[in-house]
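K.L.:
quick check, what structure comes out for this input:
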Amino acid sequence: MLKFLKLYHELQIIDADRLAVEKQLATFPATVQEWKNKLATAHGAWKSLLTEQTNNEAERRKLATQTNEWEAKIAHYQEQQRQVTNEKQLAALEHEIASARKALSPIEERQIEIILRADELAKEIPMAEEAFRALEAEAKEEKERIREQLASKKEALALLDKDRDVFWTQLNETEKRDYADLALRFPGRVVAPIAGETCGGCFTKMQPNILAAVRKADQPVRCDQCRRFIFLPEDAS
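P.N.:
Presented below is the predicted three-dimensional model:
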C-alpha cells in the first residue's frame, strides 16, 4: 500500500471519529433547549395557577362588595314595604326586590364557584410547585452531566486533532489538497477498499485493468465512478 494511502487511511479513521464526536456535540444544544422548554412549561403551569388564585381572590372581594350592595338595596326595599299602605307602591317595591334578587343570583352562584375552585387550587398549587422543583433539580443534574460530557468530547477532539496532525504533516501539498477535496464529498470515507470486484465506497464494479493496477500497488488508483482512492483490504491491515 502506498505511503500516502496509508496516511489517508489513518486520517479517515480519525476524521470518522471526529465526525462522531462532533455529531454528539451537536445534540447538546437541542437537549439543553428541551430541558429549558420542560422547565418553562412546568413553571408556567405553576404560575398560571397562582395567577388564577390571585385573580379569583380579587374577584371574590369584588363580588362580596356587589353582594353587600344588593342585599342593602333589598333590605331598604323591605323596610319601605313595611311603611307603605298603597297597593301600587307595594307592588312596585316587590318588583324592585325581585329585580334585585335576580341580579344577585348569578353573583352568588359565581361566589360558590370561586369558593369551590379555591379548594381545588389549594391542592393543585403545591403539587404544581413540587413538580416544578423536582424538574428543576433534575435539570440541574442534567446540566452538570452535559457540562461534563462537553468537556470530555472537547478533550477527545483535541486528542484526535493531535493524532491527525501527525499524519497530516507527512503529506505533501498535492496530497493534502486531494484529501481535502475528497473529504468534502465523502467525510470519513476518503479511501475505499476493494470489496470483491467492486469499489467499497460506491459499489461500482471495477474493470479488470483497474483491479490489476490495485493489486500491483505501485501507483495510486482511483474509482472511475466516485474518484476515491481504492486499495486491497489486506494492504490496510
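K.L.:
what about Gln83, neighbour count?
P.N.:
Neighbours of Gln83 under the rule other CB atoms under 10 Å: 8. Yep, even glycine has a C-beta here, placed from its N, CA and C like the rest.
K.L.:
for it, phi and psi?
P.N.:
When read as degrees, to the nearest 10, the backbone of Gln83 gives phi -100, psi -20.
K.L.:
centroid-nearest residue for the protein?
P.N.:
Centroid-nearest residue in the chain, with CA atoms, centre = their mean: Glu34, separated by 2.6 Å.
K.L.:
what's the helix or strand Arg18 falls within packed up against?
P.N.:
Using DSSP states H and E, Arg18 sits in helix 3-81. Judged by 3 or more CB pairs under 8 Å, 6 or more residues apart in numbering; DSSP states H and E, helix 3-81 is in contact with helix 87-168, helix 173-185, strand 191-195, strand 229-231, helix 233-236.
K.L.:
quick check: angle from that helix to helix 173-185?
P.N.:
Interaxial angle of helix 3-81 relative to helix 173-185 (axes from the mean of the first three to the mean of the last three CA atoms, to 10 degrees): 30 degrees.
K.L.:
wait, what's in contact with Glu124?
P.N.:
The contact partners of Glu124, by CB atoms under 8 Å, 6 or more residues apart in numbering, come to Leu49.
K.L.:
what about it, distance to Asn55?
P.N.:
Distance, Glu124 to Asn55, by CB to CB, to the nearest Å: 15 Å.
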